[in-house]
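1. Can you look at this prediction? I've put the sequence above it.
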Amino acid sequence: EPEVTQTPSHQVTQMGQEVILRCVPISNHLYFYWYRQILGQKVEFLVSFYNNEISEKSEIFDDQFSVERPDGSNFTLKIRSTKLEDSAMYFCASQHRDRPQETQYFGPGTRLLVL
Amino acid sequence: GDSVTQMEGPVTLSEEAFLTINCTYTATGYPSLFWYVQYPGEGLQLLLKATKADDKGSNKGFEATYRKETTSFHLEKGSVQVSDSAVYFCALSDEGGYNFNKFYFGSGTKLNVKP
């Protein structure tokens, strides 16, 4: 069964450093998402992406964050200058069609720790 | 705004016990409702979903009925197994407005099943 993959599974970085989290969505999906979960809190929406553009972003997704689909398969989340509060589990998701009934398929997550 | 509230965990049960995890929601439109499960070290996997009122989603012995009158989507299983130990997330996707691609998650309920 097709699945969403994410790399790395864990990343430790120093505050102020740039990190890039990578995702490979399911191949025939067109809609891509990033979510995050701070330990003990809800899974929160960060950004949605379609047709090489951001379609929606949350208040969390400030100028320090960016997303890119650099080729036909990868979907990346970049944090330019990490803060302590960026420590969280980051989930990538993909969806075939943009209908509320459609399942979003999630990757296993990248656990980011900012020291 | 849209939101999901689910019961606090952890929930600890003995094998073959009956499981209920409560989930209620607030939505501005006509949401689709989902239960995702996260096994240790893995990503969020779709467990079941329901896309309109009175629909029942079911999978692997789990069931949940979309109750519009009580705005609820409680997860149930008649006889849990040790292998059901995981974190369960209730989520909604709303058809209203421009935000229908965004999933709203509950905080997750950890289930521990003892032999």
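-> Yes, it's here.
2. List, one by one, the residues from chain A near chain B.
-> Residues of chain A that fall close to chain B, judged by C-beta under 8 Å from any C-beta of the partner chain: A:4, A:6, A:31, A:33, A:35, A:40-45, A:48, A:55-56, A:91, A:93, A:95, A:98-109. No exception for glycine: its C-beta is placed from N, CA and C like everyone else's.
3. which residues are contacting the helix or strand bottoming out on mean pLDDT in chain A?
-> Ranking every helix and strand in chain A by mean pLDDT, DSSP states H and E puts strand A:53-57 at the bottom, with a mean of 90. The contact list for strand A:53-57 (C-beta atoms under 8 Å, 6 or more residues apart in numbering or on different chains) reads A:Y31, A:L46, A:V47, A:S48, A:F49, A:F65, A:V67, B:Y98, B:N99, B:N101, B:K102.
4. low pLDDT regions in the chain?
-> Unless you meant another one, I'm taking chain A. A:100 (pLDDT under 70).
5. other chain: chain B
-> Looking along chain B with the criterion set at pLDDT under 70, you get B:95-100.
6. and it, which residues reach chain A?
-> B:30-32, B:34, B:36, B:41-46, B:49, B:51, B:89, B:91, B:93-95, B:98-108.
7. Out of the residues you listed, which end up buried?
-> B:31-32, B:34, B:36, B:43-46, B:49, B:51, B:89, B:91, B:93-95, B:99-108 (16 or more other C-beta atoms under 10 Å in any protein chain shown).
8. Just to be sure, which of the contacts of strand A:53-57 are found in strands?
-> If you go by DSSP state E, the contacts of strand A:53-57 have A:Y31, A:L46, A:V47, A:S48, A:F49, A:F65, A:V67 in strands.
9. What count of nearby residues applies to the residue lying closest to the second one once chain neighbours are set aside?
-> Read it as A:L46. Distance criterion C-beta to C-beta, 6 or more residues apart in numbering or on different chains; nearest residue to A:L46, sequence neighbours excluded, is A:W34 at 4.3 Å. Using other C-beta atoms under 10 Å in any protein chain shown, A:W34 is surrounded by 26 other residues.
10. Pull up the pairing partners for the least confident helix or strand of chain A, direction included.
-> strand A:43-50 (antiparallel) (DSSP bridges).
11. returning to that earlier point: next, the contact list for the residue nearest to A:L46, please.
-> So A:W34 contacts A:L21, A:C23, A:L46, A:V47, A:V67, A:L77, A:Y90, A:F91, A:C92, A:A93 (C-beta under 8 Å, 6+ apart).
12. name the element the spatially closest residue to A:Q104 that is not a sequence neighbour belongs to?
-> Nearest residue to A:Q104, sequence neighbours excluded (C-beta to C-beta, 6+ apart): A:A93, at 4.3 Å. Secondary-structure assignment from DSSP states H and E places A:A93 in strand A:88-95.
13. if we can go back for a sec, wait, which of the ones in strands among the contacts of strand A:53-57 is closest to chain B?
-> A:S48 (5.0 Å; C-beta to the nearest C-beta).
14. still on that earlier bit, among the residues of chain B next to chain A, which are located in strands?
-> B:32, B:34, B:36, B:44-46, B:49, B:89, B:91, B:93, B:103-105.
15. could you say which helix or strand contains the residue most central in space within chain A?
-> Compute the mean C-alpha point of chain A, and by C-alpha atoms, centre = their mean the closest residue is A:W34, 3.0 Å away. In this structure, A:W34 is located in strand A:31-37 according to DSSP H and E.
16. now that strand: how far from the chain's centre is it?
-> 4 Å (C-alpha atoms, centre = their mean, to the nearest Å).
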